[in-house]
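Undergrad: Provide a 3D model corresponding to the input given below.
(one chain, ligands or ions: 1)
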Amino acid sequence: MYDKTPYLQVTHQDCDCIKGWPAIAAQIRSALPTGSGLVCVECYPGVLIEQVSSCLRKELGPHRQLRAEDWYFSPEQINDLIEPYLSNDPVFGRMNSLEIWDFIDPQKIESARTELASSAEGITIVIGTGASLLSPVFDVCIYADMARWEIQQRQRRNEIGNLGAMNFEERPPLKYKRSFFIDWRAADRLKIRFLPKADFLLDTNVPAVPKMITRENFEKGLTAAVRQPFRVVPFFDPGPWGGHWMEEVFDLPRDQTNYAWCFDCVPEENSLLLRFGRNTIEIPALDLVLFRPEELLGKEVVSRFGAEFPIRFDLLDTFEGGNLSLQVHPGKEYIQREFGMNYTQDESYYILDSKQNGGVYLGLKTDINRENMIHDLRDAQENDSFKFEATRYVNQFPARKHDHFLIPAGTVHCSGKDTVVLEISATPYIFTFKLWDWGRVGLDGQPRPIHLDHGIENICWDRTTKWVEQSLMNRCQTVAETDDWREELTGLHPAQFIETRRHWFTSTVPHDTNGNLNVLNLVQGSEAVVESPTEEFSPFVVHYAETFIVPAAVGRYTIRPAVPGTLCATIKAFVRPVSASDREKFSQTPANI
Ligand SMILES: O=P(O)(O)OC[C@H]1O[C@](O)(CO)[C@@H](O)[C@@H]1O
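TA: Numbering: from 1, shown residues only. Below you'll find the model as predicted:
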């Protein structure tokens, strides 16, 4: 059965991960031999600062507590600072190089420094996002990390606002957008510099059960992760077109109206669970990307994308749900120019399951009139009573289990109802230009934003029926075969940087990362075992529909059915190697953070 809380065992001692404020305070005290000193708690945005500082105050009885937010510019000044990158669009902003420093008023931080210098008695705690900027040295440094999924939950519950903003009550999608383009980028830059020097990592994702590990154990966890296959923690989210397949097959709680998405390999947002003895700490999977890029991704991927995980796997479930919005993604130049992203949202749909009428919309019909289509799309947006007749302009194809549809940016598409898609795509995932949302509203009762102008500029009008059938549907080619297994190339399209290989097997299949990140999903069979031919890691069991990551550093590995002789299939994605001349060109491209 699909495992919803996969973890990685790092050590076998419970005491390597301590739990609860009294134990955490005791560990901090033992790091302050004189009983006094300066304690820095640098926080990722989203940490409940008030709650953490009050618990620390209670347990440590500091002489003084300083809060980083007290040195920030005013919310209005910060709005001016970020305005060029935030824009008025409800979904899209622009990548930038803002640092936490940019939020801080030099005069205010200077007076905090003066206050700090005035007395050295007892314990002083400095806490918040940017706390570490107060002083070049601290007696104890703690990094309070935070999972992005939990941050989103807190935003939805109006428990937190954005950095330097008093916007707790702002609509959650707007807080998410500001985090995506501003807060998380700036905080990641600070994290890269601070965390390698910290003494401890603090996890307050579950406020009532705080946990802490030493930085050495954090490093041990990262090292363990890049030496074996592992999974990140999936999260599930409802949506206006969501379905009920995952609920059933993954045995999800029945307390949501539906489940639309399962994000089970978007390391930028997923968490990684590291287990020490019986205690588990949650860290953002992004930490692995930021601090172990070469071992995880491989040298070539790093030289091309920087410390960024370029492949995304997620599931889209429309069983008894609806169609996704009819949409298109930006071309590479467009996404760079308009949004400052280095690469674009190229996608593909691997079909995990479908009902009789399941299908996808893909590419335009032959000989359609472009002006009429644009006119009808605009009419549908402006006039509630006019419904855009999608099948007049867009191909609709039946989708069957194991079909693979390729969706290079610029291709009009969407998954239809009664279909379960494993999306194997490039990482960007918010750059969806909705053309038509079938006249329905989002889960909040409001129409979802349509981006017709962006969309129209990016539609590739020559991607019509015949080309789509020949270039984007089931481009399967057998590349290797034995009596026990067959390897097929299934994509993606040459315009996309990801390559996919499907293996059908009844016995052991040899794989090799060739120094390049591999991401896989078990698309057929209930259980398979990933092993090291040289026993470098313990056998790793995967279940149907689970996505797993094999770090570049792993090298050779094998996969076999858990029950010998049963038919299994995996689909594997990796970044296509580039030629030497291209390599030079890519090495100039900076990462998104
Ligand atoms: O706009 P909708 O209908 O919610 O669809 C969004 C989804 O569409 C996709 O772009 C798939 O085509 C996903 O990456 C994204 O999550």
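
Undergrad: can you tell me what sits against the helix or strand that contains residue 84?
TA: When secondary structure is defined by DSSP states H and E, residue 84 falls within helix 75-86. Residues outside helix 75-86 that contact it (C-beta atoms under 8 Å, 6 or more residues apart in numbering) are 72-73, 93-96, 98, 102-103, 105, 163-167, 177-178, 181-182. Bear in mind the C-beta positions are built from the backbone N, C-alpha and C, glycine included.

Undergrad: repeat the analysis, applying 6 Å as the threshold.
TA: 93, 94, 96, 103, 164, 165, 166, 181, 182 (C-beta atoms under 6 Å, 6 or more residues apart in numbering).

Undergrad: just those residues that are near the ligand?
TA: Of the residues in those, proximity to the ligand by C-beta under 6 Å from any ligand atom holds for none.

Undergrad: narrow the residues you listed to those that are buried.
TA: For the contacts of helix 75-86, a neighbour count by 16 or more other C-beta atoms under 10 Å gives the buried set as 93, 94, 96, 103, 164, 165, 181, 182.

Undergrad: can you put these in JSON lines and add secondary structure and pLDDT?
TA: Output for the buried ones among the contacts of helix 75-86, formatted as JSON lines (DSSP: H, G, I helix; E, B strand; the rest coil; pLDDT from 0 to 100):
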{"residue": "93", "secondary structure": "coil", "pLDDT": "96"}
{"residue": "94", "secondary structure": "coil", "pLDDT": "96"}
{"residue": "96", "secondary structure": "coil", "pLDDT": "96"}
{"residue": "103", "secondary structure": "helix", "pLDDT": "98"}
{"residue": "164", "secondary structure": "coil", "pLDDT": "95"}
{"residue": "165", "secondary structure": "coil", "pLDDT": "95"}
{"residue": "181", "secondary structure": "helix", "pLDDT": "97"}
{"residue": "182", "secondary structure": "helix", "pLDDT": "98"}
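
Undergrad: now stretch 351-359: buried residues?
TA: Quick answer for stretch 351-359 (16+ other C-beta under 10 Å): 351, 352, 353, 354, 355, 358, 359.

Undergrad: skipping adjacent residues, who's closest to residue 486 in space?
TA: What sits nearest to residue 486 in space, not counting adjacent residues and going by C-beta to C-beta, 6 or more residues apart in numbering, is residue 504, at 4.8 Å.

Undergrad: what are the phi and psi values at the one you found?
TA: When read as degrees, to the nearest 10, the backbone of residue 504 gives phi -100, psi 130.

Undergrad: hmm, back to that, among the contacts of helix 75-86, which pair sits farthest apart?
TA: The largest distance within the contacts of helix 75-86, taken as C-beta to C-beta, falls between 94 and 166 and amounts to 23.3 Å.

Undergrad: sorry, back to before: what is the neighbour count of the residue nearest to residue 486?
TA: In terms of burial, residue 504 registers 20 neighbours under the definition other C-beta atoms under 10 Å.

Undergrad: can you pull the pLDDT of it?
TA: As summarised for this prediction, residue 504 has a pLDDT of 98.

Undergrad: for residue 35, same thing?
TA: What the model reports as pLDDT for residue 35 is 88.

Undergrad: and what of residue 586?
TA: 41.

Undergrad: same thing with residue 591?
TA: Predicted confidence (pLDDT) for residue 591: 42.

Undergrad: look up the closest residue to residue 250, ignoring the ones flanking it.
TA: The nearest residue in space to residue 250 (C-beta to C-beta, 6+ apart) is residue 2, at 4.3 Å.

Undergrad: phi, psi of that neighbour?
TA: Residue torsions, per degrees, to the nearest 10, at residue 2 are phi -50, psi 130.

Undergrad: from memory it sits against residue 543, does it?
TA: Yes. Between residue 2 and residue 543 there is a contact under C-beta atoms under 6 Å: 5.4 Å.

Undergrad: wait, isn't residue 90 in contact with residue 449?
TA: Yes. Using C-beta under 6 Å, residue 90 is in contact with residue 449, at 4.7 Å.

Undergrad: can you list the residues of the stretch 101-250 of the chain near the ligand?
TA: Close to the ligand, as judged by C-beta under 6 Å from any ligand atom, the stretch 101-250 of the chain has residues 239, 241.

Undergrad: oh, I was asking about the stretch 401-550 of the chain
TA: Taking C-beta under 6 Å from any ligand atom as the criterion, the neighbours of the ligand within the stretch 401-550 of the chain are 423, 429, 432, 434.

Undergrad: could you list the low-pLDDT ranges of the chain?
TA: Judged against pLDDT under 70, the low-scoring parts of the chain cover residues 579-593.

Undergrad: domains of it?
TA: Residue ranges of the domains in the chain are recorded as 21-209, 285-468, 477-586, according to automatic domain parsing.

Undergrad: just checking: what are the partner strands of the helix or strand harbouring residue 480?
TA: Using DSSP H and E, the secondary-structure element containing residue 480 is strand 477-481. Its sheet considered, strand 477-481 pairs with strand 485-491 (antiparallel) by DSSP bridges.

Undergrad: for the stretch 351-500 of the chain, which residue gets nearest to the ligand?
TA: Among all residues of the stretch 351-500 of the chain, residue 432 sits closest to the ligand, at 4.3 Å; criterion: C-beta to the nearest ligand atom.

Undergrad: need the phi and psi values for that residue.
TA: Taking degrees, to the nearest 10 as the convention, residue 432 sits at phi -100, psi 120.

Undergrad: neighbours of it, just the number please.
TA: Using other C-beta under 10 Å, residue 432 has 23 other residues around it.

Undergrad: again with residue 92
TA: Number of residues near residue 92 (other C-beta under 10 Å) recorded here: 23.

Undergrad: check contacts around it.
TA: So, once contact is read as C-beta under 6 Å, 6+ apart, residue 92 ends up touching residue 339.

Undergrad: distance of it from residue 295?
TA: Distance, residue 92 to residue 295, by C-beta to C-beta, to the nearest Å: 33 Å.

Undergrad: ok, residue 381 next?
TA: Relative to residue 295, and taking C-beta to C-beta, residue 381 is found at 48 Å.

Undergrad: same check on residue 98?
TA: According to C-beta to C-beta, residue 98 stands 29 Å off from residue 295.

Undergrad: just to revisit the earlier point, and the two most separated of the residues of the stretch 401-550 of the chain next to the ligand?
TA: For those, the farthest-apart pair by C-beta to C-beta is 423 and 434; their separation is 16.5 Å.

Undergrad: returning to what we had before: which one's more surrounded, residue 381 and residue 295?
TA: Taking other C-beta under 10 Å, residue 381 and residue 295 do not tie; residue 295 has more neighbours (20 against 17).

Undergrad: the more buried one: which element?
TA: Applying DSSP H and E, one finds residue 295 within helix 293-297.

Undergrad: next helix or strand past that helix?
TA: Reading on from helix 293-297 to the C-terminus, the next helix or strand found by DSSP H and E is helix 299-305.

Undergrad: list the buried ones in that following helix?
TA: 300, 301, 302, 303, 304, 305.

Undergrad: gap between the residue nearest to the third one when sequence neighbours are not counted and the ligand?
TA: Put plainly, it is residue 302. Once its chain neighbours are removed from consideration, residue 302 has its nearest residue in residue 293; the separation is 4.9 Å (C-beta to C-beta, 6+ apart). Residue 293 is 24 Å from the ligand, where distance means C-beta to the nearest ligand atom, to the nearest Å.

Undergrad: okay, now residue 293: neighbour count?
TA: Around residue 293 there are 22 other residues, counting by other C-beta under 10 Å.

Undergrad: try residue 227
TA: A count of neighbours around residue 227, defined by other C-beta under 10 Å, yields 16.

Undergrad: helix, strand, or coil at it?
TA: Of the three states, residue 227 takes coil under DSSP: H, G, I helix; E, B strand; the rest coil.
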